[in-house]
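Visitor: only geometry, no sequence info:
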């Protein structure tokens, strides 16, 4: 059984400053018993990667509302693969059109949670995916 | 008779009675006449009978010439003012060629690297007839400088330039997030623009204080006004610190406020806000001129009320928001378009928003008489209650948090608003806050098939090429000299505007100017408190 609580990095990549969703989900996941770290705004993919490494998180949740989710996901997934850190579970939330979900999954993103996704759904998804890992 | 009476508590925490009567209206509260202190009923004696509200949709995307086309489309269709959207690199002071701008050039607004881009964006648009609002904050000062030079090239002297810059940096730290510099130099830039406009461009509105984004980030209606007013008071103090008289500039500070949520609560909020502002300006700042005491606003239908689900329902919501705005005596109106929970508004969606406002004012007789809800037992009682609560919340900012600059620097307001946003979202998810199509009458099988605004990744290359051409043509020595003057002004307490005007005239890029300011000011490190 896991003794260590699951650690989640909520990250805001890119220039977009709309962080309501990121903060709300961070609070919800913390209330659900996870250890949550929030990066704050304007993070580059490299900064997010470094924080994920330093904080030794199990899950990286990207919050993206600007429409730039595909290029950002592509970059992060490539970096994780290169460094052998592709065991990290990457989730994306935000303003994500349905037609982009298959492309994100193909890149290796494990879960996509468009705006309005229920907190319980996100929490139990993380719970189920991290159980399989450990 | 046995059916229970439903309990109603507004977002602001106010309990609503099932029936209001004459005794609910405090006879000591001044309602007054429209156009007279304390302006509860509106800032003009005849309001829309004399002049309808201005309609100003937010627009801008892609290359400056594309934005120019959308502007002309909106003007041809009867819009009489513009609200310019800039892309995120521009808002963050980055040139299109900056690696951090990758994937974002022209995506959510137009890309501006140099004065040349602003010249293209406003080509053929008479800036003395169309009132232009620039939605720009951290780099408002250099963008305003570009705008002033474009106007000058159209033959409009600085003293005659009209328009508005959003230029409210304190709210960027609370919501919206397009900040660059630390709080203190951020606010100093606001002081510079206020002082410059008061002395040289007196018809220009240098700051539009945004309760809008504070509410969109999670604040309730009372907090929206309380934090906006705490911010506006701070800017006024900065203006006074420059030796200006309150009556010489405070009337040119306007407000951008939000509409969604309970119908009557919003209307009462605006009436209360107008009355309270008049009192603050007269009693705390000693203004003598009634114009200074008038709270001028754009009250716009907010994205926060719109839903991804069943997006066409947002057209109906927009119409109600427009009605609220008109019944609240707004000066300017804008509506988020029905597809805005998904995408940048398509031309069709933007046009429906514009038509919604035109139908309201031209078909419905909404402007036939001033403040038609005045004297309503409920509305007047709610107006009083909300005003009292705004005063209490403002005291909290002052007494408990040590003022707005401290509260924002330490992340206190941000934390407060985030927790409020969480509680709201929980209410939506558990159904205690009703939302049609989301937690009521949901249609599970529905596909999210709104037409999306196209993004052209090649436009970044075009933008980079355009700027490279400008750089090749400009006098690089003049640029270097101008940037050094910007550095000197930033390092001293000189007003930055004259050196910024010189730099943009020499076609210095926004990235170059911002780079110099970053070297002097440093960058904001965000206090993350959850």
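Guide: Perfect, thanks for sending it. Just so it is clear, the structure is predicted and the values come from calculations on it, not from any experiment.
Visitor: pLDDT weak spots in chain B?
Guide: Counting by pLDDT under 70, chain B has low-confidence residues at B:1-2, B:445-453.
Visitor: the top strand by length along it vs chain A: in contact?
Guide: Using DSSP state E, we find that the single longest strand of chain B is strand B:253-259. No - judged by CB under 8 Å from any CB of the partner chain, strand B:253-259 makes no contact with chain A; its nearest approach is 13.2 Å. The C-beta positions use only the backbone N, C-alpha and C, and glycine is treated the same way.
Visitor: elements contacting that strand?
Guide: Under the contact definition 3 or more CB pairs under 8 Å, 6 or more residues apart in numbering or on different chains; DSSP states H and E, strand B:253-259 sits against strand B:207-210, helix B:211-216, helix B:221-241, helix B:263-279, strand B:297-301, helix B:313-327.
Visitor: which stretch among these comes nearest chain A?
Guide: Among the helices and strands packed on strand B:253-259, the nearest to chain A by CB to the nearest CB is helix B:211-216 (7.3 Å).
Visitor: any idea how far residue B:12 is from residue B:229?
Guide: Remark: distance between residue B:12 and residue B:229 (CB to CB, to the nearest Å) = 15 Å.
Visitor: who's in contact with residue B:280?
Guide: B:229, B:233 (CB atoms under 8 Å, 6 or more residues apart in numbering or on different chains).
Visitor: look up phi and psi at residue B:81.
Guide: Backbone geometry at residue B:81, expressed as degrees, to the nearest 10, gives phi -160, psi 160.
Visitor: I'd say it and residue B:59 touch.
Guide: No - Residue B:81 is beyond contact range of residue B:59, at 10.9 Å (criterion: CB atoms under 8 Å).
Visitor: pick out the residue of the stretch 251-400 of chain B closest to chain A.
Guide: Using CB to the nearest CB, the closest approach of the stretch 251-400 of chain B to chain A is made by residue B:308 at 5.9 Å.
Visitor: what's the answer for chain B, then?
Guide: For chain B, the residue closest to chain A is residue B:177, as judged by CB to the nearest CB, at 2.0 Å.
Visitor: name the helix or strand for that residue, please.
Guide: Using DSSP states H and E, residue B:177 sits within no helix or strand.
Visitor: neighbours of the residue of the stretch 251-400 of chain B closest to chain A, how many?
Guide: Neighbours of residue B:308 under the rule other CB atoms under 10 Å in any protein chain shown: 18.
Visitor: so it touches residue A:114, yeah?
Guide: Yes - when contacts are counted by CB under 8 Å, residue B:308 is listed as touching residue A:114 (7.0 Å).
Visitor: hmm, back to that, ok, the longest strand of chain B: who's next to it in the sheet?
Guide: strand B:207-210 (parallel), strand B:297-301 (parallel) (DSSP bridges).
Visitor: can you give me the buried ones in that strand?
Guide: Neighbour-count burial for strand B:253-259 flags B:253, B:254, B:255, B:256, B:257, B:258, B:259 (criterion: 16 or more other CB atoms under 10 Å in any protein chain shown).
Visitor: tell me the residues of chain A that contact chain B?
Guide: By CB under 8 Å from any CB, the residues of chain A that approach chain B are A:14-20, A:23-24, A:26-28, A:30, A:36, A:38-42, A:44, A:66-68, A:71-72, A:95, A:97-98, A:114-116, A:118-120.
Visitor: what's near enough to touch the residue of the stretch 251-400 of chain B closest to chain A?
Guide: Applying CB under 8 Å, 6+ apart, we find residue B:308 in contact with A:114, A:115, A:116, B:341, B:342, B:448.
Visitor: state the three-state secondary structure for it.
Guide: Following DSSP: H, G, I helix; E, B strand; the rest coil, residue B:308 is assigned to coil.
Visitor: and the nearest residue to it once chain neighbours are set aside, its phi and psi?
Guide: Nearest residue to residue B:308, sequence neighbours excluded (CB to CB, 6 or more residues apart in numbering or on different chains): residue B:341, at 4.5 Å. Torsion angles at residue B:341 (phi, psi; degrees, to the nearest 10) stand at phi -70, psi -10.
Visitor: surely residue B:341 meets residue A:114?
Guide: No - counting by CB under 8 Å, residue A:114 is not a contact partner of residue B:341; they are 10.1 Å apart.
Visitor: give me the residue from chain A nearest chain B.
Guide: Residue nearest to chain B within chain A: residue A:17 (2.0 Å; CB to the nearest CB).
Visitor: show the pLDDT at that residue.
Guide: For residue A:17, the model assigns a pLDDT of 91.
Visitor: then the one 3 residues further on?
Guide: Turning to residue A:20, the model gives it a pLDDT of 94.
Visitor: on that earlier part again, format the strands paired with strand B:253-259 as a markdown table; extra columns: mean neighbour count and distance to residue B:481.
Guide: Output for these, formatted as a markdown table (neighbours: other CB atoms under 10 Å in any protein chain shown; distance: least, CB to CB, whole Å):
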| stretch | mean neighbour count | distance to residue B:481 |
| --- | --- | --- |
| strand B:207-210 | 28 | 30 |
| strand B:297-301 | 27 | 39 |
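Visitor: just put those in TSV and tack on distance to residue B:441.
Guide: Converted to TSV, those look like this (distance: least, CB to CB, whole Å):
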stretch	distance to residue B:441
strand B:207-210	33
strand B:297-301	21
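Visitor: so for residue B:477, which of those strands sits nearest?
Guide: Among the strands paired with strand B:253-259, the nearest to residue B:477 by CB to CB is strand B:207-210 (34.6 Å).
Visitor: off-centre distance for that closest one?
Guide: 6 Å (CA atoms, centre = their mean, to the nearest Å).
Visitor: show me what that strand is in contact with.
Guide: Residues from elsewhere that reach strand B:207-210 (CB under 8 Å, 6+ apart): B:133, B:164-168, B:171, B:176, B:190, B:193-194, B:228-229, B:231-232, B:235, B:252-257, B:298.
Visitor: pull out the buried residues from the residues of chain A next to chain B.
Guide: Those of those that meet the buried threshold are A:14-20, A:23-24, A:26-28, A:30, A:36, A:38-42, A:66-68, A:71-72, A:95, A:97, A:114-116, A:119, by 16+ other CB under 10 Å.
Visitor: shared neighbours, residue B:341 and residue A:114?
Guide: Common neighbours of residue B:341 and residue A:114, using CB under 8 Å, 6+ apart, are A:95, B:308.
Visitor: returning to that earlier point: between the helices and strands packed on strand B:253-259, which one is closest to residue B:379.
Guide: Using CB to CB, the nearest of these to residue B:379 is helix B:263-279, at 5.8 Å.
Visitor: work out the gap between the helix or strand just after the closest one and the centre of the chain.
Guide: Following helix B:263-279 in sequence order, the next helix or strand is helix B:290-293 (DSSP H and E). Mean-position distance between helix B:290-293 and its chain equals 21 Å (CA atoms, centre = their mean).
Visitor: one more: stretch A:72-86?
Guide: The answer for stretch A:72-86 is 13 Å, by CA atoms, centre = their mean.
Visitor: which of the buried residues of strand B:253-259 sits closest to residue B:468?
Guide: Closest approach to residue B:468 among the buried residues of strand B:253-259 (CB to CB): residue B:256, at 35.7 Å.
Visitor: residues contacting the closest one?
Guide: By CB under 8 Å, 6+ apart, residue B:256 lies in contact with B:166, B:168, B:208, B:209, B:210, B:211, B:212, B:297, B:298, B:300.
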